[in-house]
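Chemist: What follows is a protein structure lacking sequence information:
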């Protein structure tokens, strides 16, 4: 809505690229598009992503019918795309919570512009991530055996297994994400209720707004609850990915016993999550013409975070190699050699380029402010992070203690399906989200505008 | 409305109405008839039935019974004991009383139970491809024989494989007596012609050699492979093992000079890859060193050094030195080896061959038969259990010439390549369905008794021969008894019962002959080598001559040295492959004397320069659903004169690729080999320390196992020094534990289900491999890495130290296999045994083979070696019933009881005098990847070699 908030005018403020942004203007800029009919682009995108969503569902159906033999996994490399996807999607999810919780606790005001859709991203990503370990199972019908419930077998889960920890991590993270997202959504839902032009909208938004009236007491309660949840969320988000990391750390295999994995997985998750935020922010900014609200400064800040994360990732990789060599175990050293020169070496080099080399361009402010460059780097990071996850699995399983059984993973059509189709499914969910709920937090933005002195 | 159409009643009326126009009355009618037909299906039959109240003698439902019988390989018997449950034979074990088994089995014996239930077996009589009745066949045969008899048998030819069965030989005598002008021909695809001709040259008689490896302190193999697959493998392997335990008497030294890697070569102390032409020279060199004074042997220096050392060792061990020659060598070389052995007073017996009749008749050759067929002198051809259209030498053109005989009768288990060419095909019984008798390599006779009535109404060879001699009503049972009645000592019935019970006929071995000094043969001049490649043929280690091609266990049994499954390949050494610009998987065309086949290349170190080796037995066209079209048919380029080496072969690249399917890699990286497969010199053994104390590494984990309820702690020790890699354990495990076959497509995806694999390690170099075998079952780790990672406690420890997998609890996370350092777990990616079987393996007859004491695993669950927990359980039940403890070494696992060298020891660590405890005290004892702290219960004794002190490593 260029007419409401004009980013073309010279703006003295850092986080709002508009000369003036009153409460009404901000609300209008964000809420109005939801009441206008969806554009053609949205419909085309929805249909395309729907096709992917159906492909994903169809693939799951075929998987259940045929068995997991349709994947490229084999007797030695028993894990494959499903686990890599799981880790990757959980990682994507991480950034949303970090932006909302961590940046809210550290009073980083600029988060206001992006926290809503980043949290939605978290929600959908975690939901997709949650599907992956289930379809990974040989007998998915018994996935519920991971839950401790009273049963005639008198059996409980085996608590020493990292997979049980995973189960709890995903469940608690998913529940938290939903609640955290919803709590911060309530005032905006009330706004939508009040602005809805038909009865259905009023009812629907009204039910979910839980009778929000915007009283001082409401705001106070919301603030307390949100801050408390944020304080809970930060350790939770770290623990989730630490536990995912433990899948590969609490083990006996070469390359799967590194104590650096928990923090390194957390940083890696944040890394891929922020890269995904860039991609989504670019899409929303363009689709809803919110150039004034999501500014170049936002991208620049995220660029800096990515740069920091890429250095940490590089350091983590180097630590892995160093420890592999320094530990002196034949199998560990052999594994490091295999990573650089074995069957998956081209992928490994691609990983290093995507995750470590390319993001070094972000040292240059011009690159951080160039949206096309950021887009390319963000996509590269997401590819690199997926490669990192699949290679953690493949390298170790394909090059373990028994040279007689070293086997390489071969992609099948169904591996590609489970890699690509969920992306479309994610886009589908996200497209529905932006049409139903304000993609940017209106009340946070109004607050920001006041702080920035633009209101 | 398809469901309604399925009802047998009132079908026309309802379906005639069109779509869905059922009114209420009709619907009720259909319902009622449906209920009625359902009830009828459950009602008792019209005839009187007898409940199973009075059991047949000895039969207890679910209790296994064991019967001794004999299985043939190339017509030579190996005694076995077959386990039968509820009338179904399900498992073959060795017969300790039988000299050709000594309690062990080979892959072919183990796989026999699967072939028994093969649904592709021939089921009906065929007359030129059309189903015919027994009566029609009898009439046609009698009418035809009438004519033949009038001619005195002229034009009548009988073709068999190698016959050692005294009953069959007696019947052949009868046939030839009745048809004086008829002739009996015999051939065996895995022939021993040069061995027989060699004996003729040396002694003037076709004597059979029976080497005694247990007495051989020095063994020199000139392309011979006594430990390799074959009818005498089990006896030779036991003899080898007796001489290869460092604690035992007189550790032997083995030299192998061979053209392509063999099992014997793998276990040899010195191995040289050499062209067969030069191997004969090595024989000359050895003979010369003993004063034979033949011409100078022409050998390269490095070979000569080893040969001289071998000759010196032989001479120094008079009475304990033994030289064996392989089939690829000429009769002259065999004769020379006879001379050497005689000179050395070698531990080798000479006996009369078993394949001649009591009346002294010997079979004519296949070449003579095809010659006569071509000339039109044959009009009646009776083929008993042979498949010459597939496995006869290609230059004899059997298929073309046989058409000239107007009456072609074929008795065979399958409608194979020969059956489709015959005018009459008769389904043959499987050997487990038949009465017969067989002789082993040393002449010992044993009876064949049926374990089950013929599944597909087959005929035995005895029945068909009885038909020819007008004894149409004679049952094979009576025929066999008739043969042995005169030979029985004491009362016949008692003798007969004893012979059946023991599975061996006492004192029936052929007495050794001393035929006088052998003649030195005239050795031909050195043949100038040609640049063209020579193809060396070998029987396939898994499929033998192709008669086992439709056996899925054998097709999926990794070949011992290459680990290839589902196919064969042309093996070239790395230098030759480089010379031709070929790599593994390249498909080449082989042209030999105008005949050509295509085969994929496998690069295999240890093949001699100028040699490409290929196995027989694949490329079947009419084998059945399993064996059809798998691999390259080497018979298509084999000729009668060049049956084992085909000279002057051109190899051209086709440009296509056909990946070699293997189940595992041969490990050649020096660091890995040293760590995982230690190999000691015999002379250095004294320096080794007992490693059992090193097993007890400090651990942060609390000491858990063994928590002993009833005092058992099961463990296994595998002696790598006597493991010959023969795969008997692999197939035994498959048979015992209902291990599924996955098929070639799944193997190509890197999947397989074997619970036990035999890893191959190479301590040598690309130019000269030094191979060793390491069977790897589940290690049953005391600190099992698979257990803590399972989220649902499907992988758990039991009170006796077994690491058990609870199939019902498994949800298929596969974390256990991911975390298993030994990679011994196998996952059902598809329902390999449960609805998604390969080819026809899901068909009903196969299910009868399954061991009812072992769960058949479903899709999506992990499985692995259980230490044959069902056998432990059976022993425990027996012990509890008798109110005693399980005896020392009472439980034998399937792999253990199959092993021909007794390399596998299993038992209870808590019984002080158990064999595993003795083995663990051996200084060679080590735990695989022991440094990981898994405390495996399966441990190993390191391989030991005994190289000659003088020879440097370069030459070996």
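Modeler: Yep, it's here. Keep in mind that what you see is a predicted model, and the values were worked out from it rather than measured.

Chemist: rest of the way, CA atoms for contacts and neighbours
Modeler: Noted.

Chemist: measure stretch B:552-570 end to end?
Modeler: Terminal residues of stretch B:552-570 lie 22 Å apart, using CA to CA, to the nearest Å.

Chemist: Hmm, I typed the wrong one, I wanted stretch B:348-363.
Modeler: End-to-end distance of stretch B:348-363 (CA to CA): 26 Å.

Chemist: neighbouring contacts of it?
Modeler: B:162-164, B:166, B:169-170, B:172-173, B:183-186, B:206-212, B:322, B:341, B:439, B:442-443, B:510-514 (CA atoms under 8 Å, 6 or more residues apart in numbering or on different chains).

Chemist: Next: stretch B:388-408.
Modeler: Contacts for stretch B:388-408 (CA under 8 Å, 6+ apart): B:189, B:367, B:370, B:373-374, B:376, B:378-383, B:417-418, B:421-424, B:545-546, B:617, B:620, B:635-640, B:643.

Chemist: Of those, just the buried ones, PyMOL syntax please.
Modeler: Here is the PyMOL command that selects the buried residues among the contacts of stretch B:388-408 (16 or more other CA atoms under 10 Å in any protein chain shown):
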select buried, chain B and resi 189+367+370+373+374+376+378+379+380+381+382+383+417+418+421+422+423+424+545+546+617+620+635+636+637+638+639+643
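
Chemist: Identify those among the contacts of stretch B:388-408 that sit within helices.
Modeler: Mapping these onto helices (DSSP state H) picks out B:367, B:370, B:373-374.

Chemist: I'd like the residues you listed as CSV, with distance to chain A and pLDDT appended.
Modeler: Output for the ones in helices among the contacts of stretch B:388-408, formatted as CSV (distance: CA to the nearest CA, whole Å; pLDDT from 0 to 100):
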residue, distance to chain A, pLDDT
B:367, 46, 96
B:370, 48, 96
B:373, 52, 96
B:374, 52, 96
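
Chemist: Mind putting these into JSON lines with distance to residue B:899?
Modeler: Conversion of the ones in helices among the contacts of stretch B:388-408 to JSON lines gives the following (distance: CA to CA, whole Å):
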{"residue": "B:367", "distance to residue B:899": "39"}
{"residue": "B:370", "distance to residue B:899": "42"}
{"residue": "B:373", "distance to residue B:899": "45"}
{"residue": "B:374", "distance to residue B:899": "47"}
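
Chemist: Can you give me the buried ones in whatever helix or strand residue A:122 lives in?
Modeler: Residue A:122 belongs to helix A:115-136 when elements are defined using DSSP states H and E. Neighbour-count burial for helix A:115-136, counted by 16+ other CA under 10 Å, picks out A:115-130, A:132-136.

Chemist: residues touching the closest residue to residue B:723 other than its chain neighbours, list them.
Modeler: Spatially, and ignoring its direct neighbours in sequence, residue B:723 is nearest to residue B:903 (5.6 Å; CA to CA, 6 or more residues apart in numbering or on different chains). By CA under 8 Å, 6+ apart, residue B:903 lies in contact with B:718-720, B:722-723, B:896.

Chemist: PyMOL command for the buried members of those residues?
Modeler: Applied in PyMOL, the following selects the buried portion of the contacts of residue B:903 according to 16+ other CA under 10 Å:
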select buried, chain B and resi 718+719+720+722+723+896
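
Chemist: nearest to residue B:852, of the contacts of residue B:903?
Modeler: Taking CA to CA as the measure, residue B:852 sits nearest to residue B:896 out of those, at 20.4 Å.

Chemist: Ramachandran angles for the closest one?
Modeler: phi -60, psi -50 (degrees, to the nearest 10).

Chemist: Tell me what the residue lying closest to it once chain neighbours are set aside is bridged to.
Modeler: Nearest residue to residue B:896, sequence neighbours excluded (CA to CA, 6+ apart): residue B:904, at 5.0 Å. Beta-bridge partners for residue B:904, by DSSP bridges, are residue B:718.

Chemist: ok and the residue in the stretch 1-150 of chain B nearest chain A?
Modeler: residue B:107 (21.8 Å; CA to the nearest CA).

Chemist: Now do that residue, the pLDDT please.
Modeler: We note a pLDDT of 97 for residue B:107 in this prediction.

Chemist: Identify the spatial nearest neighbour of it, chain neighbours not counted.
Modeler: Of all residues not flanking residue B:107 in the chain, residue B:728 sits nearest, at 4.6 Å (CA to CA, 6+ apart).

Chemist: what do you get for residue A:429?
Modeler: residue A:124 (7.0 Å).

Chemist: With residue B:420 instead?
Modeler: Using CA to CA, 6+ apart, the closest residue to residue B:420 is residue B:129 (6.6 Å).

Chemist: buried set for the helix or strand residue A:200 falls within?
Modeler: Following DSSP H and E, the helix or strand that holds residue A:200 is helix A:199-208. Across helix A:199-208, burial judged by 16+ other CA under 10 Å covers A:201-202, A:205-206.

Chemist: can I get the residues you listed in CSV with pLDDT?
Modeler: Formatted as CSV, these follow (pLDDT from 0 to 100):
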residue, pLDDT
A:201, 92
A:202, 94
A:205, 95
A:206, 95
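
Chemist: Chain B: which of those residues is nearest?
Modeler: Of the buried residues of helix A:199-208, the one sitting nearest to chain B (CA to the nearest CA) turns out to be residue A:205, at 41.7 Å.

Chemist: contacting residues around that closest one?
Modeler: A:189-190, A:192-193.

Chemist: Could you rerun that using 10 Å?
Modeler: Residues near residue A:205 by CA atoms under 10 Å, 6 or more residues apart in numbering or on different chains: A:186, A:188-196, A:199, A:211, A:436-437.
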